[in-house]
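1. show me the folded form of this:
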Amino acid sequence: MLRNLGGFCVGLLVAFAIVSAIQTIGIWIVKPPPEVQSPDWEVMKAAVARLPLQSFLFVLLSWTAGAFGGAVAATLICRQARFVPATVIGLLLWLATLSMLLLIPGPLFMWSGLLLVPVACAAGIALAVWMIPMRP
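-> Below you'll find the predicted structure:
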């Protein structure tokens with residue numbers, strides 16, 4: 001039980017770290033206009049609409065890689081019910097993806113994140129189970 005809780009916490013931290021790192025790298029590579037951080041929603045939405053394609057690709061990559069890495073970490077640490085913590089992490093990232101898509105308008109292809117996050121989570125679980133098979 002405690003190991004599963006620890007696995008969940010570590011997996012969530014790993015997912016958060018991956019998402020943050022990739023989005024930070026994206027900001028370094030593709031400088032967003034300062035209006036992106038405006039407290040005025042209309043100004044911010046207009047600035048986001050002017051962002052280049054690469055900015056959105058970094059965000060999509062971060063969501064997908066975060067789901068994968070978090071699921072791998074959680075599944076490797078957990079012993080019993082290994083899929084549950086990793087699945088909850090995938091669900092939380094899916095909900096975060098949905099909320100970002102609803103709050104901040106972006107290109108239509110960004111909605112593919114709702115499909116990529118669960119697929120990446122499942123792939124992470126599968127990789128971790130392949131690396132360390134289930135024990136009786």
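
2. contacts and neighbour counts: CA atoms only from here.
-> OK.

3. report the buried residues of the least confident helix or strand in the chain by mean pLDDT.
-> Here the helix or strand of the chain ranked lowest by mean pLDDT, DSSP states H and E is helix 41-49, holding a mean of 83. For helix 41-49, a neighbour-count test (16 or more other C-alpha atoms under 10 Å) marks 44-45, 47-48 as buried.

4. and the next helix or strand along the chain from it, what does it pack against?
-> Downstream of helix 41-49, the first helix or strand assigned by DSSP states H and E is helix 53-77. Other elements packing on helix 53-77 under the criterion 3 or more C-alpha pairs under 8 Å, 6 or more residues apart in numbering; DSSP states H and E are helix 2-29, helix 83-103, helix 113-131.

5. do you know which of those helices lies nearest F58?
-> helix 2-29 (5.6 Å; C-alpha to C-alpha).

6. in that closest one, what's buried?
-> Buried-residue list, helix 2-29, by 16+ other C-alpha under 10 Å: 4, 7-20, 22-23, 26.

7. now the helices and strands packed on helix 53-77 as JSON lines including distance to S62 and mean pLDDT?
-> Shown next, in JSON lines, are the helices and strands packed on helix 53-77 (distance: least, C-alpha to C-alpha, whole Å; pLDDT from 0 to 100):
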{"stretch": "helix 2-29", "distance to S62": "5", "mean pLDDT": "94"}
{"stretch": "helix 83-103", "distance to S62": "10", "mean pLDDT": "94"}
{"stretch": "helix 113-131", "distance to S62": "10", "mean pLDDT": "95"}
